[in-house]
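Engineer: sequence-free structure coming up:
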């Protein structure tokens with residue numbers, strides 16, 4: 001999401017370069033399709049988790065260089081910060097514990113902090129995404145959840161309700177920074193509910209599939225009170241499974257699957273998580289426009305005719321015919337490769353079924369100019 005110098009592009013690491021690449025197993029692939037989520041143990045190294053832990057502790061204390069000279073002011077009803085892009089230092093006069101409890105979540109810091117961009121484009125996370133929604137992957141959103149002791153959870157919801165993509169290919173990747181379990185607010189999934197449509201809002205806020213006959217509108221999405229959250233009866237149709245995770249595990253989940261978290265009931269344990277959302281880079285979206293950081297990229301952020309915002313989001317893997325952004329801090333990814341290299345890495349369909357004359361099922365090089373005079377389908 002920043003203009004990148006040509007020498008930076010040349011130095012970018014191709015997505016196919018040798019490294020510790022993670023390979024999704026058949027069993028994992030099937031599990032994701034069956035349940036709507038997948039836990040990949042130890043996908044992020046313990047050294048990286050230590051870095052994330054130190055980063056969040058510095059942020060909560062207001063010690064980051066980017067926080068100096070600014071103060072957060074956006075308070076929720078509980079007195080804790082419910083933040084979107086603001087990550088200024090906590091208000092003055094708070095004790096160390098009050099500072100730690102001040103932040104709840106912060107969105108979109110990959111547009112402000114190099115570390116957040118780097119974990120959004122973590123190569124091993126992208127390895128899994130390439131298999132599940134790829135080969136073309138667009139990185140859209142980051143959220144840092146801090147969830148201190150005593151903080152509440154989030155009620156049943158579907159992520160595509162908040163971040164619509166067309167075709168719908170949204171997928172979240174939830175990096176556990178702390179061990180999480182029932183006591184400190186691990187996630188719950190309604191396993192198998194990825195088969196459900198996205199239920200439209202009754203109050204006009206959010207996205208839903210209103211073109212389905214008989215679909216009902218839903219109120220109080222994400223409300224922790226199941227008595228009022230109208231997605232709760234739908235979640236009750238499915239097994240509701242607690243998904244515990246160890247620090248370094250990554251939970252992947254689709255945009256349709258119903259999920260929630262409950263309160264952190266511990267006295268001294270955080271439930272920190274770094275969460276990013278992605279979609280197939282050939283999906284269209286009107287979500288998450290970047291306000292712009294220079295005149296050239298601000299003009300690309302939103303298409304004036306279609307309101308498309310793909311130009312605000314980073315091409316992480318593969319290629320696309322749609323606009324995309326480059327990483328502001330130069331993190332290696334597909335966006336930094338030249339077009340010829342992206343095309344070379346994206347040659348996924350070089351062979352097709354043949355031949356038309358005999359009806360035999362085989363393979364042959366794909367050639368749009370090929371003519372088979374013996375085939376009744378020749379043109």
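Structural biologist: Yep, that arrived. Only a predicted model underlies this, so the values are computations on that prediction, with no experimental measurement involved.

Engineer: ranges for the helices of the stretch 101-250 of the chain?
Structural biologist: 114-120, 123-132, 232-235 (DSSP state H, counting those that start in this stretch).

Engineer: And the longest one, what does it pack against?
Structural biologist: For helix 123-132, the contact count by 3 or more Cβ pairs under 8 Å, 6 or more residues apart in numbering; DSSP states H and E identifies helix 26-35, strand 37-40, strand 137-145, strand 171-176, strand 250-254, strand 314-317 as packing neighbours. C-betas here are computed from N, CA, C, even on glycine.

Engineer: now the fourth one: mean pLDDT?
Structural biologist: Averaging the model's pLDDT scores along strand 171-176 yields 98.

Engineer: From the contact counts, what lies against that strand?
Structural biologist: Contact here means 3+ Cβ pairs under 8 Å, 6+ apart; on that basis strand 171-176 packs against helix 123-132, strand 250-254, strand 273-280.

Engineer: Give me the buried stretch members for it, please.
Structural biologist: 171, 172, 173, 174, 175, 176 (16 or more other Cβ atoms under 10 Å).

Engineer: Kindly reformat the helices of the stretch 101-250 of the chain as TSV containing mean neighbour count.
Structural biologist: Output for these, formatted as TSV (neighbours: other Cβ atoms under 10 Å):
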stretch	mean neighbour count
helix 114-120	21
helix 123-132	21
helix 232-235	18
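
Engineer: Let me know which of these is the nearest to residue 105.
Structural biologist: Smallest distance to residue 105 across those (Cβ to Cβ): 12.9 Å, for helix 114-120.

Engineer: Which among the helices and strands packed on helix 123-132 is found nearest to residue 93?
Structural biologist: strand 137-145 (23.9 Å).

Engineer: what lines up beside the closest one in the sheet?
Structural biologist: strand 103-107 (antiparallel), strand 273-280 (antiparallel), strand 314-317 (antiparallel) (DSSP bridges).

Engineer: that older thread, can you say which of the helices of the stretch 101-250 of the chain is nearest to residue 269?
Structural biologist: Closest to residue 269 of the helices of the stretch 101-250 of the chain, according to Cβ to Cβ: helix 114-120, at 21.7 Å.

Engineer: Quick one: list the elements packing against the closest one.
Structural biologist: Secondary-structure packing of helix 114-120 (3+ Cβ pairs under 8 Å, 6+ apart): helix 46-61, strand 137-145, strand 273-280, strand 314-317.

Engineer: try 6 Å
Structural biologist: Applying 3 or more Cβ pairs under 6 Å, 6 or more residues apart in numbering; DSSP states H and E, we find helix 114-120 packed against strand 137-145.

Engineer: Work out which residue lies at the spatial centre of the protein.
Structural biologist: With distances taken as Cα atoms, centre = their mean, residue 277 lies nearest the centre of the chain, 1.1 Å away.

Engineer: Check the gap between that one and residue 252 for me.
Structural biologist: 11 Å (Cβ to Cβ, to the nearest Å).

Engineer: before we move on, back to that, quick one, grab the pLDDT at the residue nearest to the centre of the chain.
Structural biologist: 98.

Engineer: Tell me which of the helices of the stretch 101-250 of the chain sits nearest to residue 158.
Structural biologist: Ranking the helices of the stretch 101-250 of the chain by proximity to residue 158 (Cβ to Cβ) places helix 232-235 first, at 9.5 Å.

Engineer: Identify the residues contacting that closest one?
Structural biologist: 156, 190, 226, 258 (Cβ atoms under 6 Å, 6 or more residues apart in numbering).
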